[in-house]
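> Show me the folded form of this:
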Amino acid sequence: MFELREPKFQWGQRVTALTDLFNDGTHPEVALDALLVAEGAPGEVVQIGHHEEANIPIYMVEFDRGPGSTDETPKRCVIGVLEEEIAPV
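Residues are numbered from 1 along each chain as shown. You can find the predicted model right below:
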């Protein structure tokens, strides 16, 4: 048995995207590789999960359209991200 890695962020915490986040196919209503969240977009952690094999937290974050967004970018988008892809506001 191994010790679970504790999440760095908490539910309800405001965060920002540290990089552009693209559709990897998990959003079928948006084209593959389309921009989902632009770097700098604000968001809120709405759920925290855990990837057992990698022993890392996965954050479900609801993002607002941020700077650098295009007309194809959803106005609001919930996606799973890693700690390295977000920062606290």
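> So which residue is smack in the middle of the chain?
residue 81 (3.6 Å; C-alpha atoms, centre = their mean).
> pretty sure that residue is in contact with residue 56, am I right?
No: using C-beta atoms under 8 Å, residue 81 makes no contact with residue 56, being 11.1 Å away. Every C-beta, even on glycine, is put in place using the N, C-alpha and C of the backbone.
> the strands in the protein, which residues?
14-17, 21-22, 35-37, 42-51, 56-64, 76-81, 86-88 (DSSP state E).
> What is the last one packed up against?
So that's strand 86-88. strand 14-17 (3 or more C-beta pairs under 8 Å, 6 or more residues apart in numbering; DSSP states H and E).
> Average pLDDT for the strand it packs on, rounded please.
Strand 14-17 carries an average pLDDT of 98.
> So which bits of that strand are buried?
Counting neighbours by 16 or more other C-beta atoms under 10 Å, one finds that the buried residues in strand 14-17 are 15, 16, 17.
> The second one touches residue 85, doesn't it?
Looking back up the chat, that one is residue 16. No: contact criterion C-beta under 8 Å: residue 16 and residue 85 do not qualify, at 10.1 Å.
> so what's residue 64 up against?
Residues near residue 64 by C-beta atoms under 8 Å, 6 or more residues apart in numbering: 41, 42, 43, 75, 76.
> just to revisit the earlier point, now do the same for the residue nearest to the centre of the chain: its pLDDT.
97.
> likewise the one 5 residues further on?
For residue 86, the pLDDT comes out at 98.
> what do you get for residue 72?
Looking at residue 72, the pLDDT reads 66.
> ok, now residue 27?
Reported pLDDT for residue 27: 88.
> ok, it touching residue 77?
Yes: the criterion here is C-beta under 8 Å, and residue 27 meets it with residue 77 at 7.4 Å.
> Now list whatever residues contact both of those two.
Contacts common to residue 27 and residue 77, judged by C-beta under 8 Å, 6+ apart, are residue 36.
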